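A.B. asks: fold the stuff below for me.
(one chain, ligands or ions: 1)
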Amino acid sequence: MNLKFYISLLFLIAQTYLFSQTREIQELESWKFYQGENQNAYQTNFDDSSWQEVIVPHDWAIYGPFDKEVDKQVVKIEQNNEEKATEKTGRTGALPFIGTGWYRTKLKVPESAQGKQLLLTFDGAMSNAEVFLNGKKIGGRPYGYSYFYFDVSDKLKINEENIIAVRLENEPRSSRWYPGAGLYRKVQLITKNPVSFQHWGHTITTPIIDEDMAKVQIKSKVNGDNICVETIIKDIEGKTVATNSNCQQFGDEIEQNIKVNNPELWSPSNPYLYTAEVKLFQNEELKDQQEINFGIREIEYTTEGFKLNGEVTKFKGVCLHHDLGPLGTAINRAALKRQLSILKDLGCNAIRSAHNMPSLEQLELCDEMGFLVIAESFDEWKRPKVQNGYNKHFDKWAERDVENLVRATKNHPSIVMWSAGNEVPDQHGSEGVKRLHWLQDIFHREDPTRPVTVGMDQVKAVMESGFGSVLDIPGLNYRVHLYDEAYEKFPQGFILGSETASTVSSRGIYKFPVQKGYNMTYPDMQSSSYDLEYCSWSNIPEVDFVEQDDHDWVLGEFVWTGFDYLGEPTPYDNYWPSRSSYFGMVDLAGIPKDRYYLYRSRWNTEDETLHILPHWNWEGREGEVTPVFVYTNYDKAELFFNGKSQGIREKKKDSLLERYRLMWKDIVYEPGKLKVIAYDENGEPAIEKEVVTAGKPHHLKLEADRNTIIADGEDISFVTVSVVDKDGNLCPNATIQLNFEVSGAGEYRAACNGDPTSLEMFHLPTMKAFSGKLVVLVKSNEKTGKIDLKVKGKGVKDGKITLTAEAKDSEI
Ligand code: GAL
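C.D. replies: Residues are numbered from 1 along each chain as shown. Coordinates of the predicted model:
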């Protein structure tokens with residue numbers, strides 16, 4: 001595909017405005033971009049005509065190419081128990097994110113903005129941002145994940161052209177994973193009256209919740225005097241449920257306490273959102289107005305567990321990195337929503353934004369779709385993990401970065417805990433305890449309603465130093481063998497599995513003989529999907545299940561990870577071309593691996609789960625032992641192989657492996673059919689499933705996650721392409737090179753096959769199938785109508801799917 005063409009088409013839709021009577025929000029989407037240093041690029045008269053036109057959010061590095069030399073690190077990873085330094089190639093994804101990049105945009109501010117307050121806001125900029133306006137530096141932000149803004153009221157020229165220039169620079173050895181590069185989150189200009197609500201000025205809490213009523217407290221920070229604030233609270237249907245007004249101003253704050261009768265409580269199963277429409281008047285003149293979504297919900301951490309609205313709720317959580325696979329780190333709502341939809345089906349109820357501030361779009365979706373969130377801040381404090389990591393900025397910036405995290409996100413009901421850090425080396429020594437006190441106090445000062453955790457891996461050290469006791473919530477990363485001791489020693493009365501499992505697997509790949517073990521590697525650089533391989537510091541999923549099932553005081557877990565991510569290709573950190581992780585329950589393309597169904601069998605309590613592994617195409621393994629595993633929510637199942645019963649297996653409480661999975665270890669491979677029947681508690685057949693030996697690749701099957709998308713130039717349909725035999729069975733070993741063509745009211749955006757060793761670029765319209773599958777991303781442009789995706793491959797009949805792009809008022 002022609003990238004330039006794609007981008008210039010997009011350029012036409014740039015700079016969207018959102019008007020209200022009193023505020024305007026302008027999305028700054030259309031920018032010129034240059035990858036490299038250019039000393040004069042901040043100057044107003046600089047000629048950027050040869051620069052690339054891009055749409056922000058934009059990740060400059062995701063277009064590759066993958067290169068072994070990018071950020072090659074010869075390091076000893078201490079937290080992974082390594083004893084000597086080795087060459088790590090794909091640690092940060094092997095994509096060209098290192099170096100300098102410049103963005104420039106022109107901005108004309110209308111006459112009506114005269115005398116207004118103008119804020120230039122960034123949801124994140126990767127990294128070391130320096131922002132220039134009309135040739136002058138107005139400020140910067142080193143941390144790429146921080147939200148930040150500038151008041152540019154007296155700097156923007158009205159009715160004339162303004163030039164905003166942003167210089168970004170990513171250093172080598174500054175990250176432990178792919179951080180992305182560029183203006184990867186949204187940039188906005190907010191225009192409002194000088195007399196108005198302050199930015200991030202509202203704090204909405206629900207200090208009293210009863211069946212009949214809830215007290216909703218809204219504290220609003222305002223600019224100006226003689227101000228009255230009026231609020232209308234609306235329910236999810238838009239019906240007014242309460243109104244209030246208050247003119248009592250204390251300093252720059254006005255507080256309202258509003259009664260909502262018969263409140264509908266927010267929870268993952270009922271993500272009920274209210275909207276507060278707040279209006280600011282000065283001398284009876286309307287000066288500002290905002291709408292804020294909030295939830296009414298109560299959180300409590302007790303020795304009986306975490307309670308949500310009074311009910312014990314175990315965290316069935318996953319850690320997620322911020323990249324979106326083939327889209328890189330550029331924020332896209334459709335991709336985030338798909339990710340969360342897949343996790344909903346899994347029965348997952350919680351997300352940890354590992355190891356940085358989540359995007360605001362992700363938080364909005366978590367509110368709407370019902371996920372509990374640990375919003376994390378840092379992977380490093382003062383002591384380094386990587387040479388040029390956050391350690392360089394901690395002293396100067398940590399307080400401001402935490403303030404902005406809390407101020408920008410505190411009204412999201414989904415957030416139930418803050419995380420001040422992950423496995424920070426400062427866990428050792430008294431300086432670290434001091435830093436923890438300092439940071440935790442900042443979180444408490446900014447938000448007294450939520451507790452603070454840190455993901456701790458140095459459990460012996462934090463037991464001794466007091467670090468673990470200081471925390472509101474002691475989070476343990478792995479170290480399951482120390483849970484009992486930590487529970488005894490720590491005074492909180494509970495333990496959180498802030499990071500668990502780190503089991504590794506590659507979708508559709510199985511290794512023989514089937515063995516449980518750590519740091520296992522194979523010549524093809526894949527890990528086995530029998531789900532028995534892990535790292536020296538980690539474990540198989542069942543080890544965590546036992547802790548949670550046998551102890552009320554374990555609050556739940558956050559599995560490393562929900563989805564695969566770019567970088568950190570453990571256990572192949574020092575093998576090339578491994579460039580993305582093996583930890584996900586779901587691969588980089590968003591296709592579930594077998595492990596997904598093991599978690600689903602216990603997490604999803606609404607739907608049945610019955611999943612058989614491995615696939616049954618083992619040409620060459622005839623006569624060899626090929627174990628069959630079944631993941632199901634039922635306790636009992638019977639396996640039939642080519643019509644013959646192989647016996648019933650039942651879950652056993654006293655066995656680690658057989659407590660959660662059913663295994664037929666001695667099946668000798670012959671082609672044919674595996675069928676499993678699960679039995680309910682009365683011994684009646686409840687559900688059955690089959691896997692057959694597939695024939696030769698015959699045609700391509702295309703299935704879209706959404707057949708209708710919005711014609712907004714951003715929405716994406718994710719089409720899973722499967723290579724199937726003439727009867728429609730997946731050919732699980734197919735690696736056919738596939739080519740993609742999109743026509744009509746949409747464009748080819750990217751593809752991904754989930755193979756952690758693939759060096760094919762995501763944005764090119766060709767890719768090999770991996771284990772018989774891949775996913776094609778089709779993006780809308782601004783036209784409505786039909787979109788055709790055609791997929792072709794040698795030796796198979798073409799696949800075709802028609803999608804629809806329609807105009808819709810409602811965003812997805
Ligand atoms: C943890 C760490 C994660 C990731 C994981 C891999 O120790 O917190 O960021 O590196 O190990 O197992």
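
A.B. asks: quick one: Glu304 from the ligand, how far?
C.D. replies: Glu304 sits 28 Å away from the ligand, going by C-beta to the nearest ligand atom, to the nearest Å. (Each C-beta comes from the backbone N, C-alpha and C, glycine too.)

A.B. asks: next, work out how far apart the residue lying closest to Pro627 once chain neighbours are set aside and the ligand are.
C.D. replies: Nearest non-adjacent residue to Pro627, counting by C-beta to C-beta, 6 or more residues apart in numbering: Lys665, 4.6 Å away. Using C-beta to the nearest ligand atom, Lys665 is found at 28 Å from the ligand.

A.B. asks: number of residues surrounding Lys665?
C.D. replies: Neighbour count of Lys665, defined by other C-beta atoms under 10 Å: 11.

A.B. asks: right, and Gly647 touches Met663 too?
C.D. replies: No - using C-beta atoms under 8 Å, Gly647 is not in contact with Met663; the gap is 11.0 Å.

A.B. asks: between those two, which one's more packed in?
C.D. replies: More crowded of Gly647 and Met663, by other C-beta under 10 Å: Met663, with 17 against 9.

A.B. asks: for the ligand, give me its nearest residue in the stretch 1-150 of the chain.
C.D. replies: The stretch 1-150 of the chain approaches the ligand most closely through Gln79 (5.4 Å), counting by C-beta to the nearest ligand atom.

A.B. asks: how about the closest residue to the ligand within the stretch 201-350 of the chain: which residues does it bridge to?
C.D. replies: Residue of the stretch 201-350 of the chain nearest the ligand, by C-beta to the nearest ligand atom: Cys319 (7.5 Å). Cys319 has these beta-bridge partners by DSSP bridges: Arg352.

A.B. asks: and it, what's its pLDDT?
C.D. replies: Per-residue confidence (pLDDT) for Cys319: 99.

A.B. asks: helices of the stretch 501-650 of the chain, start to end?
C.D. replies: Remark: helices assigned in the stretch 501-650 of the chain by DSSP state H, counting those that start in this stretch are 541-550, 594-603.

A.B. asks: in TSV, list those along with mean pLDDT.
C.D. replies: Listed next are the helices of the stretch 501-650 of the chain as TSV, based on pLDDT from 0 to 100:
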stretch	mean pLDDT
helix 541-550	97
helix 594-603	98
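
A.B. asks: turn those helices into TSV, including mean neighbour count.
C.D. replies: Below are those laid out as TSV (neighbours: other C-beta atoms under 10 Å):
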stretch	mean neighbour count
helix 541-550	18
helix 594-603	23
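
A.B. asks: between these, which gets nearest to the ligand?
C.D. replies: Among the helices of the stretch 501-650 of the chain, the nearest to the ligand by C-beta to the nearest ligand atom is helix 541-550 (13.2 Å).

A.B. asks: which helices and strands does the closest one pack with?
C.D. replies: Contacts defined by 3 or more C-beta pairs under 8 Å, 6 or more residues apart in numbering; DSSP states H and E place helix 541-550 against strand 495-501, strand 554-560, helix 594-603.

A.B. asks: of all of the chain, which residue lies closest to the ligand?
C.D. replies: Nearest residue of the chain to the ligand: Ser502, at 3.5 Å (C-beta to the nearest ligand atom).

A.B. asks: for the residue nearest to that residue when sequence neighbours are not counted, grab the count of nearby residues.
C.D. replies: Spatial nearest neighbour of Ser502, excluding adjacent residues (C-beta to C-beta, 6+ apart): Ser538 at 3.4 Å. A count of nearby residues for Ser538, using other C-beta under 10 Å, gives 24.

A.B. asks: wait, Ser538 sits on Val559?
C.D. replies: No - the criterion here is C-beta under 8 Å, and Ser538 misses it with Val559 at 10.4 Å.
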